[in-house]
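Novice: sequence unknown, structure follows:
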């Protein structure tokens, strides 16, 4: 599958992957492609972030009585199936893990749970949909316009931060996706690395999982790479360059229009 020169297909696959509708072999092929394609990885992370923000819209709601009726029916059916197996004296074949009664009971329970979850989700969505169309529309309309994205990785190519730039609101959003946490007397500082000139500080990160920094479009354009250094608490003095080691870096990629 050659998707490198097909931005529309890349976005569609990334959205389907984040939503969970890309399954089986197609999902495994996407993951294999994403391992070697930073743009595809970034697109998937952006869509996961978008969908997570939309999910926050959903309020808590108690399942309707119909849900509990379905659950009772599923539990009753499972008990009846076990009783029938016991009456037949079914026993697992020697050496045949696939014939294990425990395995199939686990699969049956997992299937029942999946069905229950599908019922709960379906009923909850249907019951709330009509009252949330306007609110959801406003939420989607307010979705940031992402012009640039970067996945900053460590020296072992493990993703540590997702960086997105919204030119409309002049906002850089940095989301920690790795397990690194700096010490209390240290700070992480974000740098733009434009070609032929000194690194430019774009701001100091606090310890929050998601950090927002102010940046102009001129700070981001013509910048091929971003980097994170470990600096003293509060970052380096204004106008000076990085002093600590580079922990994470990555290419700044313009998103498909």
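Specialist: Nice, I can see it. What you are looking at is a predicted structure, and each value in this text was computed from that prediction instead of being measured.

Novice: can you tell me which residues contact the closest residue to residue 242 other than its chain neighbours?
Specialist: Sequence neighbours aside, residue 229 is the residue nearest to residue 242 in space, at 4.3 Å (criterion: C-beta to C-beta, 6 or more residues apart in numbering). For the C-beta atoms, the positions are set from N, CA and C on the backbone; glycine is no exception. Going by C-beta atoms under 8 Å, 6 or more residues apart in numbering, residue 229 touches 188, 189, 191, 242, 243, 244, 245, 246, 247.

Novice: what about the second one, which helix or strand?
Specialist: So that's residue 189. strand 186-192 (DSSP states H and E).

Novice: List of residues touching that strand?
Specialist: Contacts to strand 186-192, defined as C-beta under 8 Å, 6+ apart, come from residues 163, 172, 174, 182, 199-206, 213, 219-220, 223, 225-236, 242, 244, 247, 252.

Novice: Of the residues you listed, keep whichever come out buried.
Specialist: With burial judged by 16 or more other C-beta atoms under 10 Å, the buried subset of those is 163, 172, 174, 199, 201-205, 213, 219-220, 223, 225-231, 235-236, 242, 244, 247, 252.

Novice: Just the ones of the residues you listed in strands?
Specialist: Within the buried ones among the contacts of strand 186-192, membership in strands is found for 163, 172, 174, 201-205, 213, 225-231, 247, as judged by DSSP state E.

Novice: Residue 150 is in contact with residue 41, correct?
Specialist: No: the pair residue 41 / residue 150 is not scored as a contact, 10.6 Å apart, by C-beta atoms under 8 Å.

Novice: Who has more neighbours out of the two?
Specialist: Neighbours per residue, other C-beta atoms under 10 Å: of residue 41 and residue 150, the larger number sits with residue 150, 27 against 22.

Novice: Check the contact between that one and residue 250; I expect there is one.
Specialist: Yes: judged on C-beta under 8 Å, residue 150 makes contact with residue 250 at a distance of 4.7 Å.

Novice: Next, show the common contact partners of the two.
Specialist: Joint contacts of residue 150 and residue 250 (C-beta under 8 Å, 6+ apart) are 163, 226.

Novice: Give me the mean pLDDT for the strand holding residue 189.
Specialist: Averaged across strand 186-192, pLDDT comes to 95.

Novice: try stretch 18-25
Specialist: Stretch 18-25 comes out with an average pLDDT of 78.

Novice: How about stretch 233-241?
Specialist: Stretch 233-241 shows a mean pLDDT of 92.

Novice: just stretch 146-157 next, same as before
Specialist: Stretch 146-157 comes out at a mean pLDDT of 85.

Novice: List the contacts of it.
Specialist: For stretch 146-157, the surrounding residues in contact (C-beta under 8 Å, 6+ apart) are 38, 41-43, 45-46, 159-167, 178, 180, 217, 220, 226-228, 247-255.

Novice: Give the buried residues for that stretch.
Specialist: Within stretch 146-157, the residues scored as buried using 16+ other C-beta under 10 Å are 146, 147, 148, 149, 150, 151, 152, 153, 154.

Novice: Mind putting these into a markdown table with secondary structure and distance to residue 26?
Specialist: Compiled in a markdown table, the buried residues of stretch 146-157 are given as follows (DSSP: H, G, I helix; E, B strand; the rest coil; distance: C-beta to C-beta, whole Å):
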| residue | secondary structure | distance to residue 26 |
| --- | --- | --- |
| 146 | coil | 25 |
| 147 | coil | 29 |
| 148 | strand | 28 |
| 149 | strand | 23 |
| 150 | strand | 27 |
| 151 | strand | 22 |
| 152 | strand | 28 |
| 153 | strand | 26 |
| 154 | coil | 30 |
